[in-house]
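> show me how the following folds:
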Amino acid sequence: MTIKTLIAAGLLAAAGSVANAAVTFSFADPAPGKQLRHTSNGGAPGSGTLSYDQSNTTGVIRFIVGSNDGSIPTTVFSNARMEMSIDMGTAIPIAGGFMAPLMGTFRIYDFSSALDILTGTFGQGGGTAVVFGASGALITNSIAPNTLVCTAGPALQALLPTGLVLAPLFDAVFTITDIAQIGGGPFVNTAGEVASFDANASFSGTSELIPTPGTLALLGAAGLVGIRRRR
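Now for the predicted structure:
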């Protein structure tokens with residue numbers, strides 16, 4: 001192995017050690033009221049669409065960003081909102097509840113500055129709803145067959161250390177509780193359609209950090225300068 005290869009490997013290892021922090025995201029269920037709503041398709045294919053209240057009276061969330069090692073100071077966006085449009089597919093009964101595929105988007109933004117914090121998208125079947133009785137979860141991540149892609153908005157990017165960005169490895173879970181069906185009839189009918197309902201919701205997610213291509217290029221250039229100086 002040449003000295004250049006050794007130095008390059010050392011630089012990459014050093015960059016990896018700097019960027020091994022996990023960025024954490026979360027918000028607790030805001031009070032009062034229920035902010036999450038599933039609107040049934042009313043007989044159309046699939047189950048319906050999940051949306052989230054963005055009003056100033058009940059839809060205000062305290063979105064918390066931090067890291068597992070303290071490299072990113074904990075920041076609370078106390079006046080955040082969430083825009084959600086997630087389609088729920090045909091439900092499959094399981095013991096005491098159901099599972100259903102998900103696809104859609106969510107966007108969490110700082111209402112005060114109108115800047116995006118975090119957005120997430122996932123394609124058909126890229127997430128799963130799991131519900132038992134009055135509680136459950138909406139689960140998605142970036143590991144196949146799931147297809148979650150998250151993007152740091154300007155408000156989040158400003159918190160990240162210089163030269164680092166979110167890695168393409170994410171997970172996101174919306175915990176839903178106190179589910180209350182709207183209207184009568186079965187909660188899940190024989191066609192796998194889920195009735196309309198309201199629920200409380202909280203969120204947690206994580207992502208790794210990696211150096212930007214430009215940062216890696218600078219590290220490589222610094223290594224080459226070091227080699228030349230030694231000659």
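> can you map out the strands along the protein?
22-27, 36-40, 48-52, 61-67, 75-88, 92-94, 97-110, 115-132, 135-141, 149-152, 164-181, 197-211 (DSSP state E).
> quickly run through the sheet partners of the last one, with directions.
Looking back up the chat, that one is strand 197-211. Strand pairing for strand 197-211, using DSSP bridges, gives strand 22-27 (antiparallel), strand 36-40 (antiparallel), strand 164-181 (antiparallel).
> which positions within the longest one qualify as buried?
Buried residues in strand 164-181, counting neighbours by 16 or more other Cβ atoms under 10 Å, are found at 164-167, 170-176, 179, 181. For every residue, glycine as well, the C-beta is placed using N, CA and C.
> and those residues as a markdown table, adding distance to Phe106?
As requested, those are exported to a markdown table (distance: Cβ to Cβ, whole Å):
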| residue | distance to Phe106 |
| --- | --- |
| Leu164 | 23 |
| Val165 | 20 |
| Leu166 | 15 |
| Ala167 | 19 |
| Phe170 | 12 |
| Asp171 | 13 |
| Ala172 | 8 |
| Val173 | 12 |
| Phe174 | 8 |
| Thr175 | 14 |
| Ile176 | 13 |
| Ile179 | 19 |
| Gln181 | 23 |
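> in TSV: those, plus distance to Val194 and pLDDT.
Converted to TSV, the buried residues of strand 164-181 look like this (distance: Cβ to Cβ, whole Å; pLDDT from 0 to 100):
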residue	distance to Val194	pLDDT
Leu164	40	92
Val165	37	93
Leu166	32	94
Ala167	34	92
Phe170	26	96
Asp171	24	97
Ala172	21	98
Val173	19	98
Phe174	15	98
Thr175	17	98
Ile176	12	98
Ile179	10	97
Gln181	9	97
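> centroid residue for this structure?
Among the residues of the chain, the one closest to the centroid is Ala172, at 4.0 Å (Cα atoms, centre = their mean).
> where does the chain dip in pLDDT?
The chain contains residues with pLDDT under 70 at 1-20, 214-231.
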